[in-house]
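Participant: Sequence and computational prediction follow.
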Number of protein chains: 4
Amino acid sequence: MTIAIIHGSSRENGNTEYLTYQAISKERGTHIYLRDHTIHPIVDERHADEGFQEVEDDHKKLIGQILTHDVIVFSTPIYWYSMSGPMKIFIDRSSQIMRDPDYAHFKQGMKGKKVYVIAVGGDQPRIKGLPLIQQFQYICQYYSMSFEGYIIGKASRPGDIKNDKSALEAASSLLQDR
Amino acid sequence: MTIAIIHGSSRENGNTEYLTYQAISKERGTHIYLRDHTIHPIVDERHADEGFQEVEDDHKKLIGQILTHDVIVFSTPIYWYSMSGPMKIFIDRSSQIMRDPDYAHFKQGMKGKKVYVIAVGGDQPRIKGLPLIQQFQYICQYYSMSFEGYIIGKASRPGDIKNDKSALEAASSLLQDR
Amino acid sequence: MTIAIIHGSSRENGNTEYLTYQAISKERGTHIYLRDHTIHPIVDERHADEGFQEVEDDHKKLIGQILTHDVIVFSTPIYWYSMSGPMKIFIDRSSQIMRDPDYAHFKQGMKGKKVYVIAVGGDQPRIKGLPLIQQFQYICQYYSMSFEGYIIGKASRPGDIKNDKSALEAASSLLQDR
Amino acid sequence: MTIAIIHGSSRENGNTEYLTYQAISKERGTHIYLRDHTIHPIVDERHADEGFQEVEDDHKKLIGQILTHDVIVFSTPIYWYSMSGPMKIFIDRSSQIMRDPDYAHFKQGMKGKKVYVIAVGGDQPRIKGLPLIQQFQYICQYYSMSFEGYIIGKASRPGDIKNDKSALEAASSLLQDR
């Protein structure tokens, strides 16, 4: 199976990335770092007469890439109990692409993909991160993707994640059959 | 009591705003439309040697405004089962302001504020919007703000909200004692 | 449409019942008070060689009654952030009835029913009652029932619910089209 | 530290117990099997003139036992997306003991205890079991107990849990520092 990893950290080599590499090394899979791409926040023009204005950025290219993979790993630090801003901006733009005639196959193309979430937070993330997990579950339902698993790690300062042994262990077996 | 309303819609006069005006008219309170302000996504430099780089945008000004009010109403459309991108970007930046020496009083200043949330979504929002409400509750806990109430409306197309009588009624009494 | 109301309060004329009667009076619908019936907790014998032992109580009779209605209202006080014990015992026993040859039609018979939940609690019920609502949603999903709406009221001492105007209003319109 | 394990399974040696023994063997800790004790559902008489009627069963004895331990492990199968009936009945009765003059120290005695939850379910338990975890978190908040961790295992038929390697691994390290 082919695996795309979408990294939502704004910081390189942070705790979330460290945990994610336990699940899938840099050498495996297609690692997409949202911070390396330009993605503009959606402007909701679903109901404008002319529909959405074309936006010049990297969103479509990334969607094109993701569509070619069987498995998607969403890797995000937990900011204020939900996904990071870059991840949110990326996901919000799906509403636009679904109305793009060039991507009429988008929703159908997402169907059946296997989804994993890796999230790291500092404030009781295994409890206060649960709404975030439920939101990803609803996203999966929407696209008829299969939500296969998730890991929530605990870390605040750089390197903290190395102390969360149970998250590291869980990560190392998360994708082992893929 | 003084009331600040933070509008997270990217679209003017949409369903979420309509519902919010039922709770508090344009004439009352301080209405802040995030779409009218420039706010950049946070770049997490909490752990960089030099700390956060100064960002030139409207975030601080808005925080300054909010701090002078007793009540905060977060008004957001539900995008992908969570708050809108502009609202998320706005909230994420709090992590920066908390480390800004000029705003050393920020967290303390938020304490005790009364918070309301008004959210509108199209896909079973009264169920699938619950994680969003839980996230706002965690935000309130963090700042020791009091989460006083919320309303979830159902609407997709322009004007739909006018059919959600129970949300409209609930909105009209949400802030009546404030 | 015919409406069955399942009351899970252990106390007569308490806050939960008061709120429920705002939605549907004693004169309308079939009101089932679980406290007036004997229902034994399930003993999980799904995997015993002989399967479930027949249990002598009122559970089957109530299920028979419910199956004849189009709409089910679950009315429960919130005990420790979830449904009352009598309601839980009642629902748990469904696992048994699904293996009862006399009720081979049970799961299919529940399909498509419209479900409402009315719950009343004392400790921030509009927030801390949300997991309970999510659980009812999962139950609805399991049976392919349609979760149409819910109301969470706030009350601790007898009569308190009369002060929760927004819950009372919401209740009075909950079933108005049924 | 002394550890009390409260088993809520109605079936002996089921999946939930198997997983729990990975965390803490039968030889360690005080294992309480609710099915071996008589505990009556609460009858809410908080507001009756005479208060609660004395109930003749094993509840007080168990509470007495639990109070002497530093750590509590709640071990429950997931029935209909929440805790088992016996566990629910047990927890609901706390509302009574809090008004029992002989147990005036109960709430204070629970304060600071460390809590773990082990739950096993068959229908997407790692997602659909999350509301259950949130409810235990609220219970912990109420008593000012510290919710230290939880494990959700996946199993339906006898022995299934042996295939949930990640849950077994997580269980084996759950209490290792206690």
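Facilitator: Great, that's in hand.

Participant: which parts of chain A sit against chain D?
Facilitator: Contact residues, chain A versus chain D (C-beta under 8 Å from any C-beta of the partner chain): A:124, A:126-127, A:130, A:133-134, A:137, A:147, A:149-150, A:165-166, A:169-170, A:173-174. For every residue, glycine as well, the C-beta is placed using N, CA and C.

Participant: same thing but at 7 Å, please
Facilitator: By C-beta under 7 Å from any C-beta of the partner chain, the residues of chain A that approach chain D are A:126-127, A:130, A:133-134, A:137, A:147, A:149, A:165-166, A:169-170, A:173.

Participant: taking those one by one, which sit in strands?
Facilitator: In strands, judged by DSSP state E, the following of those are found: A:147, A:149.

Participant: of the residues of chain A next to chain D, buried ones?
Facilitator: A:126-127, A:130, A:133-134, A:137, A:147, A:149, A:166, A:169-170 (16 or more other C-beta atoms under 10 Å in any protein chain shown).

Participant: contacts with chain B among the residues of chain A next to chain D, please.
Facilitator: Okay, of those touching chain B (C-beta under 7 Å from any C-beta), that's A:Q134.

Participant: ok, the buried ones among the residues of chain A next to chain D vs A:L34, which is closest?
Facilitator: A:I133 (19.6 Å; C-beta to C-beta).

Participant: thought the closest one was touching A:V117?
Facilitator: Yes - assessed by C-beta atoms under 7 Å, A:I133 is found in contact with A:V117 at 6.5 Å.

Participant: what does the longest helix seen in chain A contact?
Facilitator: Longest helix in chain A by number of residues (criterion: DSSP state H): helix A:130-143. For helix A:130-143, contacts defined as C-beta atoms under 7 Å, 6 or more residues apart in numbering or on different chains pick out A:74, A:78, A:81-83, A:107, A:110-111, A:115, A:117, A:119, A:146-147, A:150, B:80-82, B:128, B:131, B:134-135, D:127, D:130, D:133-134.

Participant: PyMOL command for the buried members of the residues you listed?
Facilitator: The following PyMOL line selects those of those that are buried, judged by 16+ other C-beta under 10 Å:
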select buried, (chain A and resi 74+78+81+82+83+110+115+117+119+147+150) or (chain B and resi 80+81+82+128+131+134+135) or (chain D and resi 127+130+133+134)
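
Participant: just to revisit the earlier point, tell me the one of the buried ones among the residues of chain A next to chain D nearest chain B?
Facilitator: Here the nearest of those to chain B, counting by C-beta to the nearest C-beta, is A:Q134; it sits at 4.4 Å.

Participant: From chain B, how far out is the residue nearest the centre of chain A?
Facilitator: Using C-alpha atoms, centre = their mean, the residue of chain A that lies closest to the mean C-alpha position is A:F74, 2.6 Å off. For A:F74, the distance to chain B (C-beta to the nearest C-beta, to the nearest Å) stands at 12 Å.

Participant: Where does that residue fall, secondary structure wise?
Facilitator: strand A:71-77 (DSSP states H and E).

Participant: List the buried residues for that strand?
Facilitator: Buried-residue list, strand A:71-77, by 16+ other C-beta under 10 Å: A:71-77.

Participant: The nearest residue to A:I66 once chain neighbours are set aside in helix, strand or coil?
Facilitator: Nearest residue to A:I66, sequence neighbours excluded (C-beta to C-beta, 6 or more residues apart in numbering or on different chains): A:A4, at 5.0 Å. The three-state label given to A:A4 by DSSP: H, G, I helix; E, B strand; the rest coil is strand.

Participant: these two touch, right, A:A4 and A:T30?
Facilitator: Yes - judged on C-beta under 7 Å, A:A4 makes contact with A:T30 at a distance of 4.7 Å.

Participant: The two: which has the busier surroundings?
Facilitator: A:A4 (20 against 14; other C-beta atoms under 10 Å in any protein chain shown).

Participant: can you tell me the helix or strand for the residue of chain A most remote from its centre?
Facilitator: Largest separation from the mean C-alpha position in chain A: A:D49, at 31.5 Å (C-alpha atoms, centre = their mean). Here A:D49, judged by DSSP H and E, is contained in no helix and no strand.

Participant: A:P86 now?
Facilitator: helix A:85-92.

Participant: if we can go back for a sec, tell me the spacing between the residue farthest from the centre of chain A and chain B.
Facilitator: If you go by C-beta to the nearest C-beta, the gap between A:D49 and chain B works out to 11 Å.

Participant: now do A:W80
Facilitator: 5 Å.

Participant: Tell me who's in contact with that residue.
Facilitator: B:91-92, B:139.

Participant: what's around A:E56, how many residues?
Facilitator: 9.

Participant: Please report how far it lies from chain D.
Facilitator: Counting by C-beta to the nearest C-beta - A:E56 and chain D are separated by 37 Å.

Participant: per-residue confidence averaged over stretch A:145-155?
Facilitator: Taken as a whole, stretch A:145-155 carries a mean pLDDT of 97.

Participant: For it, which outside residues touch it?
Facilitator: Against stretch A:145-155 from outside (C-beta under 7 Å, 6+ apart): A:15, A:19, A:110-122, A:125-126, A:129, A:133, A:136-137, A:140, A:161, A:164, A:167, A:170-171, A:174, D:126-127.

Participant: So A:R178: helix, strand or coil?
Facilitator: coil.

Participant: Report how many residues lie close to it.
Facilitator: 17.

Participant: who touches the nearest residue in space to it that is not next to it in sequence in this structure?
Facilitator: Of all residues beyond its chain neighbours, the one nearest A:R178 is A:M1 (4.9 Å), with distances taken as C-beta to C-beta, 6+ apart. A:M1 makes contacts with A:70-71, A:178, as judged by C-beta under 7 Å, 6+ apart.

Participant: what residues does chain A put near chain B?
Facilitator: Counting by C-beta under 7 Å from any C-beta, chain A sits next to chain B at A:10-11, A:41-44, A:47, A:79-82, A:85-86, A:88-89, A:91-92, A:95, A:128, A:131, A:134-135, A:138-139, A:157-158.

Participant: Produce a PyMOL select command limited to the buried residues of those.
Facilitator: Here is the PyMOL command that picks out the buried ones among these, judged by 16+ other C-beta under 10 Å:
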select buried, chain A and resi 10+11+41+42+43+44+79+80+81+82+85+86+88+89+91+92+128+131+134+135+138+139
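
Participant: could you check the angle helix D:130-143 makes with the longest helix of chain A?
Facilitator: Interaxial angle, helix A:130-143 versus helix D:130-143 (axes from the mean of the first three to the mean of the last three C-alpha atoms, to 10 degrees): 160 degrees.

Participant: to the chain's geometric centre, what's the distance from helix A:130-143?
Facilitator: Relative to the centre of its chain, helix A:130-143 is centred 11 Å away, using C-alpha atoms, centre = their mean, to the nearest Å.

Participant: okay, the contacts of A:M1 in CSV with pLDDT and distance to D:V55 next?
Facilitator: Shown next, in CSV, are the contacts of A:M1 (pLDDT from 0 to 100; distance: C-beta to C-beta, whole Å):
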residue, pLDDT, distance to D:V55
A:D70, 97, 57
A:V71, 98, 54
A:R178, 78, 53
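
Participant: Just give me the closest of those to chain B.
Facilitator: Scanning those for proximity to chain B, where the rule is C-beta to the nearest C-beta, the winner is A:V71, at 19.9 Å.

Participant: I figured that closest one hits A:G112, correct?
Facilitator: No - the pair A:V71 / A:G112 is not scored as a contact, 10.7 Å apart, by C-beta under 7 Å.

Participant: Centre of the chain to stretch A:162-178, how far?
Facilitator: With C-alpha atoms, centre = their mean as the basis, stretch A:162-178 stands 17 Å off its chain's centre.

Participant: what about A:S144, neighbour count?
Facilitator: 12.

Participant: gap between it and chain C?
Facilitator: 14 Å.

Participant: Ok, A:T2 next?
Facilitator: 31 Å.
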